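Trainee: Quick one, what's the 3D model for this:
(2 chains)
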Number of protein chains: 2
Amino acid sequence: MQFELTNEFLETLKEDIARFDRDTVSAKVGELYPADIAEILDEVNLQEAQFIFRLLENEQGSEVLMELDEDVRERFLASLSDEEIAEFVDELDTDDAADIIQELPEERQDEVLEMVEDEEHSENISELLSYEEGTAGALMAKELIKVNQNWTILRCVREMRKQAEDVDKVFTVYVVSNDGVLLGIVSLKRMLLNTERTIIKDIFEEGAISVKTDAKAEEIIKVFEKYDMVVLPVVDNQDRLVGRITVDDVMDVVREETSKDYQMLSGISEDIETTDSVWVMSRARLPWLLIAMLGGIVGAMVIANYEDELKLSPQMAFFIPLVVAMGGNVGIQSSALIVQGLANNTLSKDGMVKRILKELMVGLVNGLACSLVLLAYSWIFSYPVALSLTIGASLLAVILFAAAFGTFMPLTLHRMKIDPALATGPFITTSNDIIGLFFYFMIGRLMYTLVI
Amino acid sequence: MQFELTNEFLETLKEDIARFDRDTVSAKVGELYPADIAEILDEVNLQEAQFIFRLLENEQGSEVLMELDEDVRERFLASLSDEEIAEFVDELDTDDAADIIQELPEERQDEVLEMVEDEEHSENISELLSYEEGTAGALMAKELIKVNQNWTILRCVREMRKQAEDVDKVFTVYVVSNDGVLLGIVSLKRMLLNTERTIIKDIFEEGAISVKTDAKAEEIIKVFEKYDMVVLPVVDNQDRLVGRITVDDVMDVVREETSKDYQMLSGISEDIETTDSVWVMSRARLPWLLIAMLGGIVGAMVIANYEDELKLSPQMAFFIPLVVAMGGNVGIQSSALIVQGLANNTLSKDGMVKRILKELMVGLVNGLACSLVLLAYSWIFSYPVALSLTIGASLLAVILFAAAFGTFMPLTLHRMKIDPALATGPFITTSNDIIGLFFYFMIGRLMYTLVI
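Mentor: Numbers count the residues shown, from 1 in each chain, chains lettered A, B, ... in the order given. Model prediction:
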């Protein structure tokens, strides 16, 4: 039943296209789900994709369009006339249509909208485009089923038939007042279980979880996850029902947000995939590498201050990578915990000071454990006492500092309304590296003076 | 409309509980959504939570139970009798009920199941428990609405009324054959738009995307995301409809998977939150730190081999952190790209060799860029030529190696059916550090011999 795209399928399909064999291609592709067709179009070249696309019906074509990779779609839209795009827009739900329009160059947007036949549809799309990106207003669709609380079930069914024409999937029937204010929900179950004459007012479930049009994506995701929702109504400032957001749109946003955090942690500055060009991939990765290199240069300057000590005791150099790595690791652990807690909304309710104290406790436990292992090691290999003490003490100092700093930074960024994930990027790791070197050589100088 | 848990609310509620003021607590809590009540119970102590919990009706209580944090729920279940748990299980959907039963100690599971009043419900739960964890069978619920293809709409509505009693939300009405084989879907819309005498066979949409009971979570997520589904039917080996999975359950799984990848990348070995104890947090983080430390010790041994060179040219020590950090960063970038591509199913269709070659190209671009910056820096600060050449050449070598190794490892782990995210953990970074040191000092020895 499910379609699996294989290389063999692709090759024979390309041959069919090369022969301009419309019937065979139609037969192979026409019955597939839009997402499957899109998968094929993502893999063939633009000419081949256009050949397949022209064989599809308008409704099917519009759905395929929605499922394409963004860069493929962009090239596709560029090759279509305003009129053609307007026809697809006519078929799409308002939220998808708005997405398509938004991807067009500024100057084409109005032209396409004017060519959309259904004027109400076109106005609805304009409304969606007027909301700030990432807010509930921009995410929602206008298509929904609503009934007046004073209607009978019979009238509702009649009205729903009309509205259902425009709505792909009926999840929920919303109940509104005469002013359009969202009052609650009436389940299809309830409607099935009551007689046709029953007034909605008497059977509907009062109250519905909703968000305002200006709610941010973060808040919307929280509501969806907390209340396990499938579809969320959106209301304006007067609590009038203006749209609905479905869970599949939110899943995409969740994917994007977690991807962003993951990329930050791995030192990648743009949303790239393995399919992108060498140049795009290099560009997305170079900035972080340059920052790390800058950090390395500053680190070199720090060490340069201790050149004389290094001449006397080159063994000090042996443990540079260890001290630096431990600081970086602990800092990332601490920051990542906060970033993930903020993203999943699972952060404890403690204040900043309590949080840092807790991290310092964790740092103390782990720092002592690590330092003891190291002292044992350096005792076995009979390193000089001064060196052993230096490594043990600086390791503990570095771990404690990195734990506190790694907790402080993302929380502070979050308070300043900056993405806390920045703290898991190379700035902080690099700062930890440099501070670690400072600790190590300062403690080293002290120890060698004391012991000798 | 939405509830926001504040510290003030919690404090006055705790005072009400301390006075055993059932009416006030009931009034404050009774009207809230289960997820909100659960949020409160997660924040108070066990005695207070039990006080609140006893005020709830059975159905409400069972829903609250499902929303609790896992560790809170575990303590809660331990404090309830088998009979009490059986009553809650009776109220829950089969998938939630199975989750609850699974969290009980082995010896209590059968006892509770036997006490469940509704025998069919109890059998359904047992069936779900018999599937392997993480598969579609274990994730699905038995509650769904299905109609026979030979029924009229009138009969369907009658049967659906009966079935709907058990089903919270009607998303989709499935059409089955006399043998129970899943044939397709009939939308409520279609049923609204046709007369009561119409036979389902004539109006239903043939074919439905489904998964088998033994499908893995990864595959299920892919299907949900690719086809933008809200509910997915599950069939057995004879294609008979046996259950359905809803999108909210899948969202939880997506969160878990991405969290796991994120934690691996940040060097945390267990699923911990900032609310966990210092001991739990230390334990989850220590293993990775010890591995990193082991790497640091091996690194120290590598450098120890070059003690004589360091005595002659202590400046070699200056750039140790830089070379090591760059190798680690590039390796993580390369591995993270693969891990994310595998998780999001966006990996290009290239083979291993082509992928590594591409990464080497990216490495070459970025490596050359970084090396040039460094050469310029060392020229300005007039470092010895041998040192400049050593840094430049080893930086390039380290970056190229890390790029190839970082691509090779997760792909190989994935082929061996091991979690590729392991490659982003400290093993690989640490290996990169050590290899980086080797390159640096080997090239250094060569350069100093050549130049001097």
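
Trainee: ok, longest helix in chain A?
Mentor: Ranked by residue count and defined by DSSP state H, the top helix of chain A is helix A:385-415.

Trainee: and the helix or strand following that one, how far out from the chain's middle?
Mentor: As assigned by DSSP states H and E, the chain's next helix or strand after helix A:385-415 is helix A:426-451. Mean C-alpha position of helix A:426-451 versus that of the full chain (Cα atoms, centre = their mean, to the nearest Å) differs by 37 Å.

Trainee: picking that back up, between the longest helix of chain A and helix A:426-451, how many degrees?
Mentor: Put simply, helix A:385-415 runs at 150 degrees to helix A:426-451, going by axes from the mean of the first three to the mean of the last three Cα atoms, to 10 degrees.

Trainee: In contact with residue A:185, which residues?
Mentor: For residue A:185, the contact set (Cβ atoms under 8 Å, 6 or more residues apart in numbering or on different chains) comprises A:172, A:173, A:174, A:175, A:204, A:205, A:208. For every residue, glycine as well, the C-beta is placed using N, CA and C.

Trainee: Helices along the stretch 201-350 of chain A, start to end?
Mentor: With DSSP state H, counting those that start in this stretch as the definition, the stretch 201-350 of chain A shows helices at residue ranges A:217-226, A:247-266, A:278-304, A:307-312, A:315-318, A:320-344.

Trainee: so, in contact with chain B or not, the second one?
Mentor: Spelled out, that is helix A:247-266. Yes: using Cβ under 8 Å from any Cβ of the partner chain, we find that helix A:247-266 touches chain B at A:247, A:248, A:251, A:254, A:255, A:258, A:259, A:261, A:262, A:263, A:265, A:266.

Trainee: how near is the third one to residue B:230?
Mentor: Pointing back at residue A:251 there. For residue A:251, the distance to residue B:230 equals 10 Å [Cβ to Cβ, to the nearest Å].

Trainee: which residues do these two both contact?
Mentor: residue B:247.

Trainee: shaky segments in the stretch 51-200 of chain A?
Mentor: Applying pLDDT under 70 to the stretch 51-200 of chain A picks out residues A:164-171.

Trainee: Which of the contacts of residue A:185 has the largest number of neighbours?
Mentor: Of the contacts of residue A:185, residue A:175 is surrounded by the most neighbours, 26 neighbours in total, counting by other Cβ atoms under 10 Å in any protein chain shown.

Trainee: Could you measure from that residue over to residue A:227?
Mentor: Using Cβ to Cβ, we find residue A:175 at a distance of 18 Å from residue A:227.

Trainee: Could you do residue A:148 as well?
Mentor: 25 Å.

Trainee: likewise residue A:239?
Mentor: From residue A:239 to residue A:227 the distance is 18 Å (Cβ to Cβ).

Trainee: what does residue A:343 give?
Mentor: 18 Å.

Trainee: okay, these two: which has more neighbours?
Mentor: Between residue A:343 and residue A:227, counted using other Cβ under 10 Å, residue A:343 has the larger neighbour count: 22 against 16.

Trainee: which non-adjacent residue is nearest that one?
Mentor: The shortest distance from residue A:343 to any non-neighbouring residue, by Cβ to Cβ, 6 or more residues apart in numbering or on different chains, is to residue A:261 (6.2 Å).

Trainee: follow-up on the earlier one: which of the helices of the stretch 201-350 of chain A has the highest mean neighbour count?
Mentor: helix A:320-344 (a mean of 27; mean count of other Cβ atoms under 10 Å in any protein chain shown).

Trainee: Can you name the next helix or strand after that helix?
Mentor: helix A:352-380.

Trainee: Any buried residues in that following helix, and which?
Mentor: A:355-356, A:358-367, A:369-371, A:373-375, A:377-378 (16 or more other Cβ atoms under 10 Å in any protein chain shown).

Trainee: Chain B next: which of those are close?
Mentor: A:355, A:358, A:361, A:362, A:365, A:366, A:369, A:370, A:373, A:374, A:377.

Trainee: In contact with the fifth one: list those residues for me.
Mentor: Read it as residue A:365. B:278, B:279, B:282, B:286.

Trainee: Identify the residue nearest the second one in space, chain neighbours excluded?
Mentor: The shortest distance from residue B:279 to any residue that is not its chain neighbour, by Cβ to Cβ, 6+ apart, is 7.5 Å, and that residue is residue A:365.

Trainee: and what of the third one?
Mentor: Excluding the flanking residues, the one nearest residue B:282 by Cβ to Cβ, 6+ apart is residue A:365, at 4.1 Å.

Trainee: Equivalent analysis for the last one, please.
Mentor: For residue B:286, the nearest residue in space outside its immediate sequence neighbours is residue A:366; the separation is 5.2 Å by Cβ to Cβ, 6+ apart.

Trainee: so which of the contacts of residue A:365 comes closest to residue B:399?
Mentor: Nearest to residue B:399, judged by Cβ to Cβ, of the contacts of residue A:365 is residue B:286 at 30.6 Å.

Trainee: Just to check, that closest one is in contact with residue A:368?
Mentor: No: judged on Cβ atoms under 8 Å, residue B:286 makes no contact with residue A:368 at a distance of 10.6 Å.

Trainee: so what's residue A:321 closest to, chain neighbours aside?
Mentor: Closest to residue A:321 by Cβ to Cβ, 6+ apart is residue B:299, at 4.2 Å.

Trainee: Residue A:214 contacts residue A:134, doesn't it?
Mentor: No: between residue A:214 and residue A:134 there is no contact under Cβ under 8 Å: 10.3 Å.

Trainee: buried residues in stretch A:194-214?
Mentor: A:194, A:198, A:199, A:200, A:201, A:204, A:208, A:209, A:210, A:211, A:213.

Trainee: Contacting chain B as well, which ones from these?
Mentor: Counting by Cβ under 8 Å from any Cβ, the members of the buried residues of stretch A:194-214 near chain B are A:208, A:209, A:210.

Trainee: In space, what's closest to the last one - neighbours in sequence excluded?
Mentor: Counting by Cβ to Cβ, 6+ apart, residue A:210 lies nearest to residue A:233, which is 4.5 Å off, once chain neighbours are set aside.

Trainee: Tell me which residue in the stretch 1-150 of chain A sits closest to chain B.
Mentor: Nearest to chain B in the stretch 1-150 of chain A, going by Cβ to the nearest Cβ, is residue A:35, at a distance of 4.8 Å.

Trainee: Burial check on that residue, number of neighbours?
Mentor: Neighbours of residue A:35 using other Cβ under 10 Å come to 19.

Trainee: Do I have it right that it meets residue B:225?
Mentor: No: between residue A:35 and residue B:225 there is no contact under Cβ under 8 Å: 9.2 Å.

Trainee: sec struct for residue A:117, please.
Mentor: Using DSSP: H, G, I helix; E, B strand; the rest coil, the structure places residue A:117 in coil.

Trainee: And for it, the neighbour number?
Mentor: Residue A:117 has 10 nearby residues by other Cβ under 10 Å.

Trainee: nearest spatial neighbour of it, skipping sequence neighbours?
Mentor: residue A:90 is the one closest to residue A:117 (Cβ to Cβ, 6+ apart), at 5.6 Å.

Trainee: where does the stretch 101-250 of chain A come near chain B, residue by residue?
Mentor: Residues of the stretch 101-250 of chain A found near chain B (Cβ under 8 Å from any Cβ) are A:157, A:160-161, A:164, A:167, A:169-171, A:187-189, A:192-193, A:207-210, A:223-230, A:246-248.
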